[in-house]
Every structure is written in structure tokens, then in C-alpha cells.
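Undergrad: how does the following fold in three dimensions:
(one chain, ligands or ions: 1)
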Amino acid sequence: MLSKEEIEIEDYDGLENNLKEAINIFNSKEESNIVIEDMYYNTAKNIGSKLEIKNYDQLTEKLSKLGIGQVRINLISDQKIIIRLYECVTCGDMEYIGRSICDFEAGIISGAVSSIIDQNVEATETKCCGLGDDFCEFELIKKNQGITKGESDVKLDNSKQNVVDLTLHSLNLAKKYKETKYKSECFSDSNQELDRALKNTRKINQFNETVLDSIPNCLAVIDKNGVILRINDKYKEFLGKSSAAEVEKKSVEALNWQTKYQEVLSTGESAVWQEDSEQGVYIVFETPIKENGGVIRQLIAVESQFIKLLLDKIDFLEKEMKYYKNKTLEDKNKEKLIDNMVVVSEEMKEVIKYTKKVAKTDATVLLRGESGTGKTMLAKRIHKESPRKHNDFVYIDCTTIPENFFEAELFGYEPGAFTGAKKDGKIGKLEKANGGTIFLDEIGEVPLEMQSKLLRFLQEQKFERIGSTEIKEVDVRIIAATNQNLEKMVKEGRFRKDLYYRLNVININLPPLRKRWQDIPSLVDEILLQFSKEAGIDIKEVSEEGMKELISYSWPGNIRELKNVLKRLAIITEGKLIKKDDVLSELKDVDATEELEDDSLELEDSNEGQIGRMERDLIIKTLKQHDYNKTKTADKLGMSRQTLYNKFKKYSIDY
Ligand SMILES: Nc1ncnc2c1ncn2[C@@H]1O[C@H](COP(=O)(O)OP(=O)(O)OP(=O)(O)O)[C@@H](O)[C@H]1O
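TA: Purely as a prediction, here's the structure:
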């Protein structure tokens with residue numbers, strides 16, 4: 001566009017004033033915008049008609065020269081002409097405003113085209129960059145009424161070029177006015193929006209204040225410098241102030257508040273503690289305000305229902321934690337001390353205390369106790385806790401070795417030592433146990449001849465393999481076990497007296513389970529846990545009533561029997577809980593137990609003949625109850641099949 005300085009014209013100011021005046025007049029009217037637009041259009045049309053454009057090529061060239069834009073003309077029919085204006089200068093200035101704005105261009109085009117075809121045409125803008133279109137488009141329609149060349153709303157000078165330029169300049173001013181007006185409209189729109197936003201913010205603030213004051217706890221906002229920004233009504237009440245202003249904007253130090261706001265700010269972590277005040281005990285809870293650098297402080301009365309609940313819960317959790325801590329510790333100790341061996345009763349605690357001392361020595365140990373009381377388990381424990389623990393623990397079940405193989409088994413033999421011997425010979429159990437422990441289970445079953453050989457070894461720790469004269473010397477600790485009355489056997493000449501004394505250096509007696517029922521609940525837990533692991537099934541529990549039944553039963557087969565009963569119950573019982581009826585139906589057929597509840601069963605202080613009779617009766621009864629099935633009978637009695645066969649032999653039971 002041409003600037004004022006570029007336009008050398010005398011009555012420029014007059015023209016400009018005219019235009020401004022016109023705009024002012026129109027502007028004061030309600031529909032001034034439309035009038036102004038019409039004025040642009042008509043003035044521009046007048047100019048367009050005076051440009052003396054002869055054809056469309058000249059129109060294109062002229063408009064581009066005037067800087068109006070790049071024109072493309074499309075003659076659709078004699079009656080309808082479409083002109084497209086690319087890079088329209090008005091739209092370039094105003095950009096997208098949501099309505100068509102090229103009244104000036106429309107006027108120029110209509111004036112110019114009217115003079116080309118020498119007929120009045122009116123241009124309507126059908127597309128406009130101001131509406132978001134890619135180009136501006138004008139539809140030119142012929143009108144009957146002709147135009148009066150040379151008549152303009154604006155007084156024009158005689159120089160045509162100057163008239164054009166001056167008018168363009170005036171229109172340019174008007175356009176700027178229009179632009180300013182539009183911007184002020186926008187401004188007023190945004191002012192209204194601001195107003196609305198302000199009102200909303202006030203409403204939200206009001207709401208926040210109400211919420212803050214409705215909170216039943218004392219609440220204060222402290223800024224990062226320790227200045228109290230806000231306290232709610234409850235806090236005001238708590239402090240006994242008539243106005244929040246007495247506290248707000250003051251520092252926490254000045255008011256002597258016990259606060260951890262600095263610690264909360266530096267760590268970003270909340271702080272909670274208890275404070276006593278004249279009004280009672282309070283929990284102080286200070287928490288950082290995100291991205292703000294301040295702290296929210298709350299005081300919650302301990303008397304409040306919420307805190308009471310919380311404290312109850314904490315109390316409960318603490319107790320629970322303590323319980324599990326102790327249990328874990330107990331479990332750990334139990335494991336360390338005796339693997340999975342259950343030791344709850346005082347009787348067993350005594351045994352273990354003694355065993356621990358014994359384990360450190362090399363002394364020969366004789367373990368006494370009914371079948372299934374844990375003699376083998378204890379023997380292993382002694383070995384594990386002794387200095388020999390890194391060497392072998394060798395187990396010999398004396399009931400299972402045929403008489404003539406005993407020596408070979410214990411001392412070994414040379415190649416070809418006897419018929420049927422292995423051709424490379426065999427190393428004996430004693431040699432295997434060198435540096436370690438040998439456990440002779442059921443020592444009362446060792447044949448007499450073998451007893452003297454064993455005695456010799458015990459005296460000298462020396463022996464010869466069968467078929468060899470070479471004397472072997474080994475360092476072996478002996479642990480023997482029996483459930484028989486060895487003293488009686490000695491008297492009857494069935495057990496060597498000297499061997500008895502050799503073995504009976506340290507005597508440990510394992511009490512029967514019925515004498516240490518306190519172990520039963522823990523044994524039940526342990527056995528069910530181990531079994532669930534082995535069998536890959538869910539852990540079962542025994543109901544309280546069921547447990548009472550297990551405790552009151554006399555367990556002739558001791559822990560081995562308890563184990564078997566529980567394994568069966570774990571398999572048979574549906575669901576997680578083993579109930580009283582399940583236990584009873586499992587134990588119902590052992591009516592002989594009543595007889596066994598008699599203390600006279602204890603081997604040490606009982607008459608062997610009486611016990612023998614009772615044991616014989618029990619075996620026969622159990623056999624009958626299990627249709628003479630020996631495996632089931634042995635299982636029920638908590639003994640191995642071999643032990644059962646030995647008992648058959650011992651009591652002349654012929655089945
Ligand atoms: N205190 C205990 N805690 C856990 N399990 C035990 C305990 N005592 C024994 N047992 C278990 O009971 C079963 C029988 O124990 P063990 O074989 O040691 O008895 P025993 O007296 O040697 O029997 P037997 O005289 O028939 O040889 C084993 O499975 C053992 O693991």
C-alpha cells in the first residue's frame with residue numbers, strides 16, 4: 001500500500017477527514033458495520049470503473065500492480081463471471097476472523113468488470129480467506145441498472161492516478177480502523193470472558209474456604225518461610241482466637257508452634273507425632289504441599305473416633321507382628337537346634353538340654369524309649385551336633401541283619417572270604433563310619449556271638465575283616481538304641497552284661513508321647529506342613545475339637561503312629577479342616593489303647609512279662625482289626641514290618 005508521504009495531493013487531509021467523519025457517523029449507528037462495508041464497496045467500485053481497464057488481462061495485471069492480490073478469472077457464462085483472488089491483501093492483513101472482509105476488493109473488481117463489459121455488474125464474495133478458505137472468490141452478476149461513471153461518494157481530484165492512490169490510502173485507513181474496531185471487539189469479548197473467569201474463581205475460592213472451615217480437624221497452611229498463611233475455623237477455635245487474622249501472616253516461631261515444617265520441606269516426607277496440649281492429646285500431621293514449597297499442618301484429637309480406630313488397628317498389628325516375630329525366631333531356633341524336631345514339653349526340653357552336652361563328647365550313648373519316640377532322630381541329632389558331624393553317620397538296624405551276616409556287615413570281609421562273598425570283598429560299616437558315628441538301632445536284637453565281637457571292638461576300637469588277620473583300627477562313636485528291657489535280658493543271659501555296661505555309659509530315655517502331650521499340637525502342625533510339601537497338597541489344619549481328641553489318645557506307636565494317622569487324615573479329609581469326627585473315625589478301632597494308657601507300660605519301671613502280654617494282646621487285636629494284613633498292622637502300631645515279624649517271633653504269634 002502507498003504511504004501518506006508517497007501521495008502528493010493537496011486535499012489529502014480533507015479527503016481523509018471526510019472519510020473519518022463518515023465512519024464516525026456510521027459508527028454511531030447500530031448497523032454501522034454494514035454501512036461501512038457498503039461504503040467500501042461503492043467507493044472501490046467507483047475506483048474500479050475509473051481504472052480504464054479494457055479486458056481481463058489488464059484487470060489481472062492492474063490488480064496485481066495495485067497490490068490487491070493475484071487474480072484468476074473464470075467466465076462461466078455471459079451472465080456469470082467468477083473471479084478468484086489469491087494472496088488477497090486484506091485477508092493477509094486481517095487473517096482469519098470468521099467472516100468475509102474483502103468489500104474493497106469486491107468493489108474494485110465489480111467496477112473494473114462493469115467497465116470491461118460496459119454493463120453494471122455486482123460482485124458478491126462467496127469465499128474468503130477471512131472465513132478460512134484458501135482463496136477469496138467473487139461471483140459477478142450482471143445488473144440491469146448501469147453505473148454512472150465519474151460519480152463517487154468521495155470527492156476526487158482530476159488526476160486519475162492520484163485519485164486512485166488517494167482513495168486507496170483512505171480505504172487503507174478505514175480498513176485499519178475496521179481492524180482496530182474488530183480487535184477492540186475481541187478485547188471486549190475477552191474482557192467479558194475474564195470477568196466470567198474472575199467470578200468463577202471467586203466462587204471456587206468461596207467453596208474452598210467453606211470446605212476448609214467445615215473440616216473437623218485443625219488445619220493450617222504454612223509457607224516455606226514458616227509464615228502461617230491460613231488457619232481454618234477449627235484451628236481458630238482450638239487456639240481460642242476470635243479472628244484468624246490474629247494468627248495468619250505470623251511466623252510459627254513468633255507463635256511458638258512446635259512444627260517440623262523445615263524437615264518436611266527438605267525431605268518431602270510427611271511427619272507425624274503426638275503433642276499434649278491443654279485441650280488434650282493431639283496427633284500432629286504435617287505434610288508437604290506439592291510444587292508449592294509449603295506445608296499443611298493438621299491436628300487430630302486422639303479422642304476422635306478415627307484416631308481410636310487407628311490406634312486399635314496399630315495395637316492389633318503390633319501384637320500380630322510381635323507374635324510372628326517370635327514365631328519366626330522360635331522356628332529359626334528350632335531349625336538351628338534340632339532341624340524339624342518338635343521340642344515343646346518340659347520332658348523333651350530336658351532331653352535336648354542333656355543331649356547337647358553329650359553330643360560334644362565321644363562317649364557311647366544308649367537311647368531308650370518305646371518304638372517311634374524319636375530315638376533314630378535323636379541319634380542323628382547327636383551326630384550333627386558333635387565334632388564328628390563332617391564324617392558319616394552310619395545306621396544299622398540290628399533287627400534286619402540275618403545272624404550269620406552280622407559280622408560281615410559290621411567288619412567287612414576280604415575277597416573270597418566265604419561262599420557267596422563278593423569277589424572284591426566288602427568294606428564293613430565300622431570302616432565306613434571311621435571318624436563319624438555308628439548307630440546300632442534295636443541293639444537288643446544282636447545275636448549273642450556277635451555281642452562278644454562287638455564288645456571287643458568297643459574295648460579296643462580294633463577289628464579284623466573276615467578272612468583277614470590284618471587288624472584295623474578305626475575311630476568311631478557308638479550310639480545304640482533299644483525299646484527292650486536290657487537289664488532283664490542280661491539277667492536271663494540273653495544280653496552280655498559286659499556289653500551292657502560298655503553301652504550304658506550315657507543313658508538317654510525318650511518319654512512316650514502320651515507322657516508329653518504338650519508336644520502334640522506342634523507335632524501335628526509340623527507333620528501336616530511337611531506332608532503338604534512332600535505330597536504337593538494344600539496345608540490342612542486340625543480343628544480345636546479334633547486336636548483335643550488327638551491329645552487324649554494314648555499313641556502306643558508314638559510319633560510314628562501320629563505321623564501315619566495324620567497322613568491318612570490329610571489325604572482322606574475333604575476341605576482344609578480336619579474335624580473331630582474325622583479324627584475319631586481314624587482312631588475308633590484302636591480300643592486297646594485304654595489298656596496302654598496305664599503308666600505300667602513304661603519299660604524301665606514295669607514288669608516285662610506284663611508288658612509283653614499287653615504288647616502281644618495289642619498286636620493280636622490290631623491284626624484282627626486289619627484283617628490280618630501285616631503291613632497295615634505294622635503301620636497302625638507304628639513299627640516296621642520287620643519289627644512286627646520279630647515281635648511275632650518273640651511272642652510266638654503264628655500268623
Ligand atoms: N520330636 C520329634 N519331632 C518331630 N518328629 C519326630 C520327633 N520324634 C520323632 N519324630 C518322627 O517320628 C518318626 C519316628 O521317629 P524315630 O524313627 O526316630 O523313632 P524311633 O524311636 O527310632 O523308632 P524305632 O524304635 O521304631 O526305631 C520319625 O519319622 C521321626 O522323624
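
Undergrad: what number of residues lie near the residue in the chain positioned nearest to the ligand?
TA: Going by Cβ to the nearest ligand atom, the ligand is nearest to residue 374 of the chain, at 2.6 Å. Quick note: C-beta positions are derived from backbone N, CA and C, even for glycine. Here the number of neighbours of residue 374 (other Cβ atoms under 10 Å) works out to 25.

Undergrad: any idea of the pLDDT on it?
TA: Residue 374 is assigned a pLDDT of 94 by the prediction.

Undergrad: isn't it up against residue 343?
TA: No. Under the criterion of Cβ atoms under 8 Å, residue 374 makes no contact with residue 343, lying 10.0 Å away.

Undergrad: quick one: end-to-end distance for stretch 571-580.
TA: End-to-end distance for stretch 571-580: 16 Å, by Cα to Cα, to the nearest Å.

Undergrad: which secondary structure element is home to residue 569?
TA: helix 558-572 (DSSP states H and E).

Undergrad: what helices and strands are in contact with that helix?
TA: Counting contacts by 3 or more Cβ pairs under 8 Å, 6 or more residues apart in numbering; DSSP states H and E, helix 558-572 packs against helix 520-535, helix 580-587, helix 630-637.

Undergrad: tell me which of these sits most buried.
TA: Most buried of those by mean neighbour count (mean count of other Cβ atoms under 10 Å) is helix 630-637; its value is a mean of 19.

Undergrad: residues touching the next helix or strand along the chain from it, excluding its own?
TA: Using DSSP H and E, the helix or strand that follows helix 630-637 in sequence is helix 641-650. Residues from elsewhere that reach helix 641-650 (Cβ atoms under 8 Å, 6 or more residues apart in numbering): 371, 397, 399-400, 442, 445, 612, 615-616, 619, 630-631, 633-634, 637, 639, 653-655.

Undergrad: so the helix or strand hosting residue 547 versus helix 520-535, what angle?
TA: Taking DSSP H and E as the criterion, residue 547 maps to helix 544-552. With axes from the mean of the first three to the mean of the last three Cα atoms, to 10 degrees defining the directions, helix 544-552 sits at 110 degrees from helix 520-535.

Undergrad: export helix 544-552 as CSV, just CAs?
TA: Extracted in CSV, the C-alpha atoms of helix 544-552 (Å, rounded to 0.1, in the frame of the first residue of the first chain):
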residue,chain,number,x,y,z
GLU,A,544,-9.7,-77.4,68.1
GLU,A,545,-12.1,-80.3,69.0
GLY,A,546,-10.1,-82.6,66.7
MET,A,547,-6.9,-81.6,68.5
LYS,A,548,-8.4,-82.5,71.8
GLU,A,549,-9.1,-86.0,70.5
LEU,A,550,-5.5,-86.3,69.3
ILE,A,551,-4.2,-85.1,72.6
SER,A,552,-6.3,-87.6,74.6
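
Undergrad: and that helix, how far from the chain's centre?
TA: Its chain's C-alpha centre and that of helix 544-552 lie 39 Å apart, by Cα atoms, centre = their mean, to the nearest Å.

Undergrad: stretch 473-489 now?
TA: Worked out by Cα atoms, centre = their mean, stretch 473-489 lies 57 Å from the chain centre.

Undergrad: equivalent analysis for stretch 618-631, please.
TA: Offset of stretch 618-631 from its chain centre (Cα atoms, centre = their mean): 55 Å.

Undergrad: sec struct for residue 140, please.
TA: strand (DSSP: H, G, I helix; E, B strand; the rest coil).

Undergrad: thinking it is in contact with residue 81, fair?
TA: Yes. Using Cβ under 8 Å, residue 140 is in contact with residue 81, at 4.2 Å.

Undergrad: what touches both of the two?
TA: 113, 121.

Undergrad: contacts only, for the residue lying closest to residue 468 once chain neighbours are set aside.
TA: The spatially closest residue to residue 468, leaving aside those adjacent along the chain, is residue 414, at 4.6 Å (Cβ to Cβ, 6 or more residues apart in numbering). Contact analysis of residue 414 by Cβ under 8 Å, 6+ apart lists 425, 465-468.

Undergrad: nearest residue to residue 473 other than its sequence neighbours?
TA: residue 462 (5.2 Å).

Undergrad: what about that neighbour, distance to residue 416?
TA: 23 Å (Cβ to Cβ, to the nearest Å).

Undergrad: around the ligand, pick out the residues from this structure.
TA: Within the chain, the positions adjacent to the ligand are 340-342, 369, 371-377, 441, 483, 523, 526, 559-560, 563, 639 by Cβ under 6 Å from any ligand atom.

Undergrad: just the buried ones out of those, please.
TA: The neighbour count (16 or more other Cβ atoms under 10 Å) marks 341-342, 369, 371-376, 441, 483, 523, 526, 559-560, 563, 639 as buried among the residues of the chain next to the ligand.

Undergrad: can you give me the end-to-end distance of stretch 467-487?
TA: Length of stretch 467-487, first residue to last, Cα to Cα: 34 Å.

Undergrad: and it, what's buried?
TA: For stretch 467-487, the neighbour count (16+ other Cβ under 10 Å) marks 468, 472, 474, 476-486 as buried.

Undergrad: quick check: mean pLDDT across stretch 42-49?
TA: The average pLDDT within stretch 42-49 is 80.

Undergrad: what does stretch 351-365 give?
TA: 94.

Undergrad: how far does it sit from its chain's centre?
TA: Distance of stretch 351-365 from its chain centroid, counting by Cα atoms, centre = their mean, is 48 Å.

Undergrad: could I get it in CSV with only the CA atoms?
TA: Provided in CSV are the C-alpha atoms of stretch 351-365 (Å, rounded to 0.1, in the frame of the first residue of the first chain):
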residue,chain,number,x,y,z
VAL,A,351,16.3,-84.5,77.0
ILE,A,352,17.6,-81.9,74.4
LYS,A,353,19.5,-80.0,77.1
TYR,A,354,21.3,-83.2,78.1
THR,A,355,21.8,-84.3,74.6
LYS,A,356,23.5,-81.1,73.6
LYS,A,357,26.1,-81.7,76.4
VAL,A,358,26.5,-85.3,75.4
ALA,A,359,27.0,-84.5,71.8
LYS,A,360,30.2,-82.7,72.4
THR,A,361,31.8,-85.8,73.9
ASP,A,362,32.8,-89.1,72.3
ALA,A,363,31.0,-91.1,74.9
THR,A,364,28.9,-94.1,73.9
VAL,A,365,25.2,-93.4,74.2
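
Undergrad: other residues contacting that stretch?
TA: Contact with stretch 351-365 is made by 337-338, 341, 343, 378-379, 381-387, 458, 477-480, 502-503, 505-511, as judged by Cβ under 8 Å, 6+ apart.

Undergrad: which of these count as buried?
TA: For those, a burial check counting by 16+ other Cβ under 10 Å picks out 338, 341, 343, 378-379, 381-383, 385-386, 458, 477-480, 502-503, 506, 508-511.

Undergrad: just say helix, strand or coil for residue 469.
TA: Three-state assignment for residue 469 (three-state DSSP): coil.

Undergrad: tell me where the stretch 251-400 of the chain has helices.
TA: Counting by DSSP state H, counting those that start in this stretch, the stretch 251-400 of the chain has helices at residues 261-267, 305-338, 346-359, 375-384.

Undergrad: repeat that for the stretch 401-550 of the chain.
TA: 406-411, 429-432, 448-460, 486-491, 497-503, 520-535, 544-552.
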